[in-house]
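Visitor: Test case, fold it:
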Amino acid sequence: MGNGETRVRGFAARAGGWSARHRWAAVGIWVLFVVLAMGLGSAAGRVDVKDSDQLKGETHTAARIVEDAGIEEPAGETVLIQARDGGLQATDAEFRDAVTAVVEAVEATGRVTDVTSPYEAKTISKDGRSALVQFDMRGPSDTAGERVEPVLKAVEGVQEDHASLRIEEIGGASMMKTFDDAFGDDFKKAEYSAVPVALGILLIAFGALVAALLPVALAVTAIMATMGLMGVVSHVMPMSETANSVMLLVGMAVGVDYCLFYLRREREEREAGRDAQTALRIAAATSGRAIVVSGVTVCVAMAGMLFTGLAEFEAMGLASLMVVAVAMVGSVTVLPALLSLLGERVEKGRIPFLRRRRRAARGDSRFWTAVLRRVLARPVVSVAVAAGALLAIAAPALGMKTQQLTLDQEFGDSLPIVQTYNRLNEAFPGGSEPAEVVVRARDVNAPEVKAALADFRDRAISSGASRGPVEIKLHDAQNVAFVYVPLVGGSDLDKAGESLDKLRDEVRPATLGRVEGLEAPITGQVAGSKDFNDQLAGAVVPVFAFVVVFAFALMLLSFRSLTIALTSIVLNLLSVGAAYGILVAVFQHGWGASLVGAEGVGAIITWLPLFLFVILFGLSMDYHVFVVSRIREARLRGLETKDAIRHGVVTTAGVVTSAAVIMVAVFAIFGTLSMQSMKQMGVGLAAAVLIDATIIRGVLLPAVMALLGERNWYLPKWLHRMPDLTHDEAPQAVARAAARDDEGEPLKV
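Guide: Numbers count the residues shown, from 1 in each chain. Below you'll find the model as predicted:
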């Protein structure tokens, strides 16, 4: 299985050797890089994804028409006036007085425009108990939430004077303010708590403050540098707030993991009696190489998101790719320099109790030694039980239902505005989120255009797609018209989707489609969800194929074994499948949903399955590469395959467990948020990492490798000509080469 010659120098080993010899230069270059990246990012500013670039299809076309016309659509607001019992009707004097009071109160704030009475716009429910006062906020829509408070207070004042009626406001601006108030701090606390959580776990793992601070410091500086780089890169590929949050999650996870792998190996070699220089060289040649292989594989997986064609996904993929690359480079350059500088001082800040516990636990893991003894004694049974359990966990994923979550699904009934949303949809189905037809014509006031618009309004109702009222707004100067159509089905996206199809496939061709040169794309929340699903469905196969093929190729080149490459892919797919199954069981079927506060969701948010696949496939390689590298190292030293497996799994158990606990803890923080989409992401990631670090790496991987025996290292003759990116990782070989000059050695990975 070897390559026939001793190669102890790879990129990681040479980078680590140079950094250890030029300690201050390495640290200075890293600090300069971080400062320059942040400075350049601050100077360049960040360009965020535009609405017109978010999606393709009709949603994209509609946004582009609005943008080209220079029309700034205001944030629309609605006040629902509803009788609390069956007594009052919209025609009663008390009800009319309340409507007049609402109109006067919101106008008096000076913050609104185009206020319409329900008696003029005919926005009165069929039962006559509910009515809508509608208006627009002045100023840019994206900052309307900052200006809506006086309007909300004015409406509350009217409510106090009319106790027999329910008077509530809802709309783009009020929802923006409510969510910012309710969840803005929630997100910040989650992001800020990731660092102390990771630090606390590292303190337990290392028992020393300085050693625990190193991984956190590396991860934080990598994140800071990436934030700056995101600002520069955003001028070529726009970024987003979501990409920022994902980058922070991934950066903290891999930054801590990579440093942990390196630091634990260096400590292990020093505890084995090697001098500081040799221990550092061994860590660079072994764990350093595993970090490079893992980092490149994770980067390739993240690059898969660039093939979706969805601007948000592309931003998340590029941001994640950059932070992984930065963390990887930092781990094999500045980390060796810091370890060389600190020397024994890395043990400073020892915590007595934890120090005693760590000393007592030094050596092979007793738990995993016991598990491995049984697994290797009965590998067939172990494979059958572990694979069967994972397939059973993954089974619910076969019935996965994905959709964009509605307001009540996303937030439950915990917020008053969600209850308003439900009451509005019950009284006026589809009224809270109407379809929006963006009409562009040569002359929007031409007789044939006006006739087509009127015909469209009538047919939208007569076809059963809408119950009305259908509102038309003209922008004469730009020759653009907006048609707002409440969809039958309301917040039920399946039924609303059928109404949308009717508008697009039947009503539009028979009316607006007959006018030559007229464009009429249909957008809105339901249309956006449908277009997003269609585009995402088209991206699934290319993204899956890209990630799997390139991950397979990298594993093949890095381990020079067809068997290792194939089993890596299969095991990672099992891990992802199990995560899908847990998501569906909890959030769609409601099994154990109360434990995570996810009752009544009934669906998985559309973007999550593909996102999870890419992230998990990349992160799973961290553990896989680290464990298999250790097994291969032991095999190269001459151990039998079973003994090499036992040695590789048991000696890496401590670091893999620590790394997994950190990842699970960081991801679980996001599982505590109130937004179901973030909760689903956090639970999915945490469950997958937990499964990956235990069942996959602790049971299934060693059992499969034990069954395969020497076939683990099989490479067909016709593949021998491929590039050789392996090198001898044996510590003895590194120790023998410690006195040799690094210059002139062949550069390998």
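Visitor: what stretches of the stretch 451-600 of the chain score poorly on pLDDT?
Guide: 490-491 (pLDDT under 70).
Visitor: My guess is residue 237 contacts residue 317. True?
Guide: No: under the criterion of C-beta atoms under 8 Å, residue 237 is not in contact with residue 317, lying 9.6 Å apart. Placement of C-beta: from N, CA and C, glycine included.
Visitor: Between those two, point out the one with more neighbours.
Guide: residue 317 (27 against 17; other C-beta atoms under 10 Å).
Visitor: Find the residue at the geometric middle of the protein.
Guide: Taking C-alpha atoms, centre = their mean, the centroid of the chain lies closest to residue 246, which sits 5.0 Å from it.
Visitor: For it, list the residues it contacts.
Guide: 316, 319, 320, 615 (C-beta atoms under 8 Å, 6 or more residues apart in numbering).
Visitor: Quick one: name whatever helix or strand follows whatever helix or strand the second one lives in.
Guide: For residue 319, the host element (DSSP states H and E) is helix 311-332. Helices and strands here follow DSSP H and E; after helix 311-332, the next one along the chain is helix 334-342.
Visitor: contacting residues around that next one?
Guide: 15-17, 19-20, 22-24, 26-27, 29-30, 210, 214, 218, 259, 262-263, 266, 276, 280, 283-284, 288, 346.
Visitor: gap between residue 443 and residue 511?
Guide: 17 Å (C-beta to C-beta, to the nearest Å).
Visitor: Which one's more surrounded, these two?
Guide: More crowded of residue 443 and residue 511, by other C-beta under 10 Å: residue 511, with 20 against 12.
Visitor: pretty sure the more buried one contacts residue 450?
Guide: No: the criterion here is C-beta under 8 Å, and residue 511 misses it with residue 450 at 11.7 Å.
Visitor: where do the strands sit along the stretch 51-200 of the chain?
Guide: 76-83, 112-116, 130-137, 165-171 (DSSP state E, counting those that start in this stretch).
Visitor: Pipe the ones you listed into CSV and attach mean pLDDT per row.
Guide: Below are these laid out as CSV (pLDDT from 0 to 100):
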stretch, mean pLDDT
strand 76-83, 91
strand 112-116, 90
strand 130-137, 91
strand 165-171, 91
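Visitor: Need those strands in JSON lines (columns: mean neighbour count).
Guide: Shown next, in JSON lines, are these (neighbours: other C-beta atoms under 10 Å):
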{"stretch": "strand 76-83", "mean neighbour count": "24"}
{"stretch": "strand 112-116", "mean neighbour count": "16"}
{"stretch": "strand 130-137", "mean neighbour count": "24"}
{"stretch": "strand 165-171", "mean neighbour count": "22"}
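Visitor: JSON lines for the ones you listed, including distance to residue 539?
Guide: JSON lines is the format used below for the strands of the stretch 51-200 of the chain (distance: least, C-beta to C-beta, whole Å):
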{"stretch": "strand 76-83", "distance to residue 539": "32"}
{"stretch": "strand 112-116", "distance to residue 539": "39"}
{"stretch": "strand 130-137", "distance to residue 539": "35"}
{"stretch": "strand 165-171", "distance to residue 539": "33"}
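Visitor: Give me the number of neighbouring residues for the closest residue to residue 621 other than its chain neighbours.
Guide: Spatial nearest neighbour of residue 621, excluding adjacent residues (C-beta to C-beta, 6 or more residues apart in numbering): residue 297 at 4.3 Å. Using other C-beta under 10 Å, residue 297 is surrounded by 28 other residues.
Visitor: Check the spacing between residue 297 and residue 247 real quick.
Guide: For residue 297 relative to residue 247 (C-beta to C-beta), the value is 18 Å.
Visitor: ok, now residue 458?
Guide: Taken as C-beta to C-beta, the span from residue 458 to residue 247 is 50 Å.
Visitor: Those two - which one has more neighbours?
Guide: residue 247 (26 against 14).
Visitor: hmm, back to that, out of the contacts of residue 246, name the two that are farthest from one another.
Guide: 319 and 615 (12.0 Å; C-beta to C-beta).
Visitor: ok, back up a step: let me know the closest of the contacts of residue 246 to residue 500.
Guide: Of the contacts of residue 246, the one sitting nearest to residue 500 (C-beta to C-beta) turns out to be residue 316, at 27.2 Å.
Visitor: for the closest one, what are its contacts?
Guide: 240, 242, 243, 246, 247, 305, 611.
Visitor: Taking these, please make a ChimeraX selection of just the buried ones.
Guide: Selecting only the buried entries of the contacts of residue 316 in ChimeraX, with 16 or more other C-beta atoms under 10 Å as the criterion:
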select :240,242,243,246,247,305,611
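Visitor: Residue 597 and residue 412, how far apart?
Guide: Taking C-beta to C-beta, one finds residue 597 at 8 Å from residue 412.
Visitor: Quick check: chain neighbours aside, which residue is closest to residue 123?
Guide: residue 132 (3.9 Å).
Visitor: Wait, that neighbour touches residue 117, no?
Guide: No: under the criterion of C-beta under 8 Å, residue 132 makes no contact with residue 117, lying 9.5 Å away.
Visitor: Quick one, grab the pLDDT at the residue lying closest to residue 671 once chain neighbours are set aside.
Guide: Nearest residue to residue 671, sequence neighbours excluded (C-beta to C-beta, 6+ apart): residue 682, at 3.1 Å. Note on residue 682: pLDDT of 86.
Visitor: got it, and residue 728?
Guide: For residue 728, pLDDT reads 47.
Visitor: ok, now which ones touch residue 509?
Guide: Residue 509 neighbours (C-beta under 8 Å, 6+ apart): none.
Visitor: Where does it fall, secondary structure wise?
Guide: helix 508-510.
Visitor: after that helix comes which helix or strand?
Guide: Toward the C-terminus from helix 508-510 - assigned by DSSP H and E - lies strand 522-523.
Visitor: Next secondary structure after that following strand?
Guide: Immediately after strand 522-523, counting by DSSP H and E, sits helix 525-559.
Visitor: Could you list every helix and strand in contact with that next one?
Guide: With contacts defined as 3 or more C-beta pairs under 8 Å, 6 or more residues apart in numbering; DSSP states H and E, helix 525-559 has these neighbours: helix 57-69, helix 287-303, strand 402-403, strand 435-440, helix 493-502, helix 562-583, helix 608-636.
Visitor: Please repeat the previous calculation with a cut-off of 7 Å.
Guide: helix 57-69, helix 287-303, helix 493-502, helix 562-583, helix 608-636 (3 or more C-beta pairs under 7 Å, 6 or more residues apart in numbering; DSSP states H and E).
Visitor: Please spell out which residues along it are buried.
Guide: For helix 525-559, by 16+ other C-beta under 10 Å, it's 525-533, 535-536, 539, 543-544, 546-548, 550-552, 554-559.
Visitor: Kindly reformat the helices and strands packed on helix 525-559 as a markdown table and extend each row with distance to residue 696.
Guide: Converted to a markdown table, these look like this (distance: least, C-beta to C-beta, whole Å):
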| stretch | distance to residue 696 |
| --- | --- |
| helix 57-69 | 38 |
| helix 287-303 | 15 |
| helix 493-502 | 35 |
| helix 562-583 | 5 |
| helix 608-636 | 8 |
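Visitor: which one of those helices lies closest to residue 483?
Guide: helix 57-69 (11.2 Å).
Visitor: buried ones in the closest one?
Guide: Result for helix 57-69 [16+ other C-beta under 10 Å]: buried residues 57, 58, 59, 60, 61, 62, 63, 64, 65, 66.
Visitor: and which of the residues you listed is nearest to residue 713?
Guide: residue 57 (49.0 Å).
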